[in-house]
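A.B. asks: Need coordinates for the following:
(chains A and B)
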Amino acid sequence: MIFSELYSAYYNTVAEIISRIIDGERDERKLQKIVSEHAFGESVTTILPALKSGKWQLLRPDMSTVLKHKPSVPLTNLQKRWLNAVSLDPRVKLFDVSFNGLDDVDPLFTPDDYYVYDKYCDGDDFSDEGYIERFRIILSAIRAGTPIKVNLTNRSGKEMYAKVMPLRLEYSEKDDKFRLITDGCKYLHTINLSKIRSVKYCGETFKHIPREERYDTVTLRIKDERNALERCMLHFAHFEKRAERVGKNEYLLHVKFDHKDESEIVIRTLSFGARVKAEAPDSFVELIKKKLLAQKLLNLR
Amino acid sequence: MSSYSELIKNFERIRAYMREFYVYGFKSRDGYNQKSARSYDDERRRMESILGDHMSFVRTPEGKNIFISIDSRSSRHNPFYKAWKSKSFTDGDITLHFILFDILHSPEIALSIPEIMQIIDREYLSEFDSPLMFDESTLRKKLKEYCDEGIIISEKSGKRMLYRRAEDFDLSDYCDLLDFYSEAAPCGVIGSFLLDRTRPHKNAFGFKHHYITGAMDSEVLAALFTAMRQKRVITVTNHSRRSDEPRRNRIIPLRIFISTQNGKQHLIAYQPDFNNFRSLRIDYLSAVKLEEVTPRFDELRAMLDLKQSNMWGVVVNRGKRGKEPLERVTFTVKVEPNEDYIIKRLYREKRGGTVEKIDDSTYRFTADVYETSEIIPWIRTFICRIVQLDFSNRTDENKFRRDLEEMYRMYGIEVSGQ
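C.D. replies: Take a look at the predicted model:
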């Protein structure tokens, strides 16, 4: 069962508190900080008081513990089954881990039990040895905070070199691709991992270049016909957004997005047809109009 | 006196509220009329406690609207996972849990129930003025529960039943893998539980186009996977929007269909009583009960494999009125010389369809599908270059054309001479 106290923030927090107490910690403020970091907004009023009062009989009045060892619990079958399932995923080769010790459980699922039906079919080749090697170098550079030198093929097919600080690997489930998000190079903030031919650690110092972040907010008017409201709300659910009801069956949805993704948002808006109308900003509406005008001129047969 | 607790006993209630607040988020307190005002206040307070900064509100003439707003691209871990860590428990549960694993601190230690009882009373609870009392049946029940979870192993030694902890599993090399798969794999919340056991580390991953709503359906999803692994029939409650009352369905679950473009998850299942395949939204399902093993599972899944090449989305059959087994959808697009990316789009997004080059600037897409209306939103993404449409389902083709005309009107698109 997933919804179990075994995985609860409270159990984890109590385990951490007792571990710190066994290490000699007695400062209540520091223990309370553990609560704020590991549990929920109001947990500070419940966890330590329950331990101190003997409601949960694990601490003595002097804040020492009756336990003799730092708390630990073996993995549950559910956790092992999930790990076993992950071990069957094609992308798992990117990670240098072995899955010994899971033979006693069946996987929770196999790749045959689910199907991602609308991801693009030109995703990265996760079985390519060179790709795996480059992925691992980049991953360790990110964790170590080390600049790297990459050799890549740019959009026009030309080979180029760049020294960058790797910040994170961004995965798109839709594209089934990894992109490397970087700092230190003005013109190369995002690099498709599949475009990188070689990578090596680079000892040189790196200079932070502030990235010009530009976000836009598009306002969409939704006519709730043919379940358009739910479809639209779910479709744009992964963005920061706000919705309001403006009429009996009419809603406004404000979606904040990275300006670089504007073309994508335009076609995603068009995909809803006449149920969804872009109302602002004007520049966004003009892009939609331009496409519709071009379409009208084609005299669809 | 309020009996509010930030912990919850039943996830179903918070599941419904979270979806309302996250997916919609425009209702005021009065809009939640299916529950009492107290219930609304409690759930809102719990969510504020669990989700913290992700909760926002706006004041409208109808009242204060609470909503959850999360840009999943900037959030390294799914914030909804925290809700799965809010299960309530009793004072006895938590006390017994920690003492039990302290006594059984190594897999080499194997003890009987009377031995464990004695140690609990003598070495742990005797230190308290009003010690909690655990009787043998409470301890037996807890051990049985933990044996079922796999964290305690029971073994016979002569006539005695002994209990010991299961072997530990070292997760120290798994941090990167868990950071990735806790977001990218189904039931990722379990990966989040595993991450809670690792030491603090730098997370190297981010996610784009990342739908996080599915997290709320993890329990249902895990039960469906378990049923499929065991090839079982299930009964499940379906709260479909098409019917007022929830219905109990008896089905054979065959495969989960996941969308990366709208975040929905569907179960494709076979319904023995009606001899048909159907798809069910997983966020509408609850109370999955595993029933008997079915000998038909492999045969039915093989049938689904065959059907899959004609499924654009999740529609697995032709509608009742459909005379032909499949509908043909054809459209042609015009591509300018500098628009290779459109050709790439056609090829990478075609799913079971085919793409044919007519000439240097014209490409034709064709697919045979169960339901034309599923493919229409995608065709609309090619607006500004569609030169020809031909759907065997004329009703859907006419709808597409009428909708396009309505869009022209809506945006005031006029062409002189037309």
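A.B. asks: okay, now the domains of chain B?
C.D. replies: Using automatic domain parsing, the domain parsing of chain B gives B:11-69, B:91-165, B:213-308, B:327-410.
A.B. asks: Which one of those domains has the poorest average confidence?
C.D. replies: Of all the domains of chain B, domain B:11-69 carries the lowest average pLDDT, namely a mean of 76.
A.B. asks: Report the distance from that domain to the chain centre.
C.D. replies: Centre-to-centre, domain B:11-69 and its host chain are 20 Å apart (Cα atoms, centre = their mean, to the nearest Å).
A.B. asks: Can you get me the start-to-end distance on it?
C.D. replies: End-to-end distance of domain B:11-69 (Cα to Cα, to the nearest Å): 21 Å.
A.B. asks: what's the answer for stretch A:263-281, then?
C.D. replies: End-to-end for stretch A:263-281, by Cα to Cα: 14 Å.
A.B. asks: And for stretch B:181-196?
C.D. replies: Criterion Cα to Cα; first-to-last residue distance in stretch B:181-196 is 14 Å.
A.B. asks: where do the helices sit along the stretch 1-150 of chain A?
C.D. replies: Ranges of helices in the stretch 1-150 of chain A, per DSSP state H, counting those that start in this stretch, are A:9-22, A:28-38, A:47-52, A:77-86, A:129-144.
A.B. asks: Now do the buried residues in stretch A:248-268.
C.D. replies: Within stretch A:248-268, the residues that count as buried by 16 or more other Cβ atoms under 10 Å in any protein chain shown are A:251-255, A:257-258, A:261, A:265-268. Yep, even glycine has a C-beta here, placed from its N, CA and C like the rest.
A.B. asks: any residues touching stretch A:86-102, and which ones?
C.D. replies: For stretch A:86-102, contacts defined as Cβ atoms under 8 Å, 6 or more residues apart in numbering or on different chains pick out A:80, A:83-84, A:107, A:110-111, A:126-127, A:132, A:135-136, B:167, B:169, B:173-174, B:176-177, B:180-181, B:184-185, B:191.
A.B. asks: what's near enough to touch residue 44?
C.D. replies: Defaulting to chain A. Counting by Cβ under 8 Å, 6+ apart, residue A:44 makes contact with A:32, A:35-36.
A.B. asks: Hmm, no, I was thinking of chain B.
C.D. replies: Listed by Cβ under 8 Å, 6+ apart, the contact partners of residue B:44 are B:17, B:66.
A.B. asks: That one and chain A, how far apart?
C.D. replies: Residue B:44 sits 12 Å away from chain A, going by Cβ to the nearest Cβ, to the nearest Å.
A.B. asks: Pop the domain breakdown of chain A in here.
C.D. replies: Listed domain ranges for chain A are A:1-72, A:77-113, A:129-201, A:215-297 (source: automatic domain parsing).
A.B. asks: Quick one: those domains as a markdown table, columns for mean pLDDT too.
C.D. replies: Formatted as a markdown table, the domains of chain A follow (pLDDT from 0 to 100):
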| stretch | mean pLDDT |
| --- | --- |
| domain A:1-72 | 95 |
| domain A:77-113 | 94 |
| domain A:129-201 | 92 |
| domain A:215-297 | 93 |
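A.B. asks: partners of the helix or strand harbouring residue B:254 in the sheet?
C.D. replies: Assigning secondary structure by DSSP states H and E places residue B:254 in strand B:247-258. When pairing is defined by DSSP bridges, strand B:247-258 lines up against strand A:114-116 (parallel), strand B:232-238 (antiparallel), strand B:265-271 (antiparallel).
A.B. asks: one step back: among the helices of the stretch 1-150 of chain A, which comes closest to residue B:272?
C.D. replies: helix A:77-86 (27.3 Å; Cβ to Cβ).
A.B. asks: Let's have the strands paired with strand B:247-258 in TSV, adding mean neighbour count and distance to residue B:358.
C.D. replies: Converted to TSV, the strands paired with strand B:247-258 look like this (neighbours: other Cβ atoms under 10 Å in any protein chain shown; distance: least, Cβ to Cβ, whole Å):
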stretch	mean neighbour count	distance to residue B:358
strand A:114-116	19	31
strand B:232-238	19	45
strand B:265-271	23	35
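A.B. asks: Who are the contact partners of the closest residue to chain B within chain A?
C.D. replies: Closest contact between chain A and chain B, by Cβ to the nearest Cβ, is at residue A:77 (3.4 Å). Counting by Cβ under 8 Å, 6+ apart, residue A:77 touches A:105, B:149-150.
A.B. asks: State the distance from it to residue A:83.
C.D. replies: Plainly put, residue A:77 is 11 Å away from residue A:83 if you go by Cβ to Cβ, to the nearest Å.
A.B. asks: repeat for residue B:396
C.D. replies: Residue B:396 is 45 Å from residue A:83, by Cβ to Cβ.
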